[in-house]
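K.L.:
below: sequence and its predicted model.
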Amino acid sequence: MAAKKKAQPQKVETRISPDLQVEKRQRLEAVVNRINTEMKRTVVRLASDTSSSYLLRRPTGITSLDIALAGGIPASAPVVIVGPDSAGKDYLLWRVCAETQRIYGEDFAMAVYLTEFRADKRYMRDFCGLKIAMSDQELDEIDSARLNMGLPPLTREEREHYQEQVGKIFLIYGVTAEEGFDAIIDLVATNSCQIVAVNSIGFLQTEAKEDQESFKDFAQQRNEAILLSKFLPKLAMTLNRDLPNGERNETSIILINQVRSKDNVRPIPGRPMMDRDKYRPAAEAHALKHGKALELMIHNGKKLYDEDNQVVLGREKQWEFLKGKLGFHEGKKGVFRYFFETGADVIGDLIEVCKSLGVFSVSGSWVEYERDGETQFRCQGDAKIRTYLRDRPEMVDELRHACFQRAGIIYKHR
């Protein structure tokens, strides 16, 4: 018996008449005009009339990490850096600030709300490269300590070095979380700082805690989580609002977060226990979970030894994207070397990236770099490349840009 043919669905004419199309467009235009009139500002607008480019980035100076970050920390969005003690969170924050300061020069401006303790300016200057001014009182204390040790006081040139500052750097401390967050919102609203940071959101002192006379009466009421749940949406709204002149807000927000130990941690078969397996973020408010463009976790890797005498010189720093938007991909990870005396091995990292992306031509132990068909330098061994690049920041910038190009990254740093 022949199978029955399946009945074909009939085509339904769905075309709207030209008159109705015109009427629908008029209705849409009328409701948009009404909404904007009632709100007394442009609330509903055509996508073609908006600007939401995230090409502007704040680099770390660590080339492999900056490539993963598509050029660096994005402008116009909050980013969370999370990790355990001594992982390098502060270092990464000050590195981003120092690189941005180098790019903008005297136009640089940043503000940081310090919830833990006042900033270590000598560490920020001498170790991270951020040119922040030290006060006369701080320098007098250094002189006093040097004299007690039988050393001469700072020379005039040394005092001038420590008092040099490029751009504007504002520090907020000794205030409650509510006061600090209000200041942050006001600063972000002006779009006058390239970077606004909180160090850290895992150590907030709320007004409820401040008002307590005795710790024995303290009851945990999740005040911090509630406050963060209010702060992040307001921060997002502030970033999304254009200034009266139509200027787009390009402030980069960096939030440092602590971690706490996870409960009932079990080893994962087939690999050693890592820091990221042991910890969870200290501040886990609902708004913080959803109100960030990127969560970057940094934690310690293996120790770096002096091979001759087995002295520990530093640690590998392992990083991983725990959450990503704006083109970031969750799960992306990498590593860079960090030495206790000098910080991140930015030159060594750059050399490795140049080799892997083909920016350098490698033949045995010889490395050559060409631009427009002409050899710019040719060295035998990484040590000689380091020596060549150490005093040539312009060449370092050129090589970093070449790496971004080879990686297919479209970005801008100013």
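P.N.:
Received, thanks. None of these values were measured; they are calculated from a predicted model.
K.L.:
ok, how many other residues are close to the nearest residue to L357 once chain neighbours are set aside?
P.N.:
Distances taken as C-beta to C-beta, 6 or more residues apart in numbering place R406 nearest to L357, at 4.1 Å, with adjacent residues excluded. The C-beta positions use only the backbone N, C-alpha and C, and glycine is treated the same way. Number of residues near R406 (other C-beta atoms under 10 Å) recorded here: 15.
K.L.:
do I have it right that R406 meets K355?
P.N.:
No: R406 is not in contact with K355 according to C-beta atoms under 8 Å; the separation is 11.2 Å.
K.L.:
wait, K333 sits on F321?
P.N.:
Yes: using C-beta under 8 Å, K333 is in contact with F321, at 7.2 Å.
K.L.:
would you say S64 is within a helix?
P.N.:
Yes: checked against DSSP: H, G, I helix; E, B strand; the rest coil, S64 lies within a helix.
K.L.:
give me the pLDDT for it.
P.N.:
Per-residue pLDDT puts S64 at 97.
K.L.:
one more: R34?
P.N.:
96.
K.L.:
check which helix or strand it maps to.
P.N.:
For R34, the host element (DSSP states H and E) is helix 18-39.
K.L.:
CA atoms of that helix as PDB?
P.N.:
Only the C-alpha atoms of helix 18-39 are listed here, as PDB (Å, rounded to 0.1, in the frame of the first residue of the first chain):
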ATOM      1  CA  PRO A  18       2.900  50.200   3.000                       C
ATOM      2  CA  ASP A  19       0.300  52.400   4.800                       C
ATOM      3  CA  LEU A  20       0.500  50.200   7.900                       C
ATOM      4  CA  GLN A  21       4.300  50.200   7.800                       C
ATOM      5  CA  VAL A  22       4.300  54.000   7.800                       C
ATOM      6  CA  GLU A  23       1.800  54.100  10.600                       C
ATOM      7  CA  LYS A  24       3.900  51.700  12.800                       C
ATOM      8  CA  ARG A  25       7.000  53.800  12.200                       C
ATOM      9  CA  GLN A  26       5.100  57.000  13.200                       C
ATOM     10  CA  ARG A  27       3.800  55.300  16.400                       C
ATOM     11  CA  LEU A  28       7.300  54.200  17.300                       C
ATOM     12  CA  GLU A  29       8.800  57.700  16.700                       C
ATOM     13  CA  ALA A  30       5.900  59.200  18.700                       C
ATOM     14  CA  VAL A  31       6.500  56.900  21.800                       C
ATOM     15  CA  VAL A  32      10.300  57.500  21.700                       C
ATOM     16  CA  ASN A  33       9.700  61.300  21.600                       C
ATOM     17  CA  ARG A  34       7.200  61.100  24.400                       C
ATOM     18  CA  ILE A  35       9.500  59.000  26.700                       C
ATOM     19  CA  ASN A  36      12.500  61.300  26.100                       C
ATOM     20  CA  THR A  37      10.300  64.400  26.700                       C
ATOM     21  CA  GLU A  38       8.900  63.000  30.000                       C
ATOM     22  CA  MET A  39      12.300  62.000  31.200                       C
END
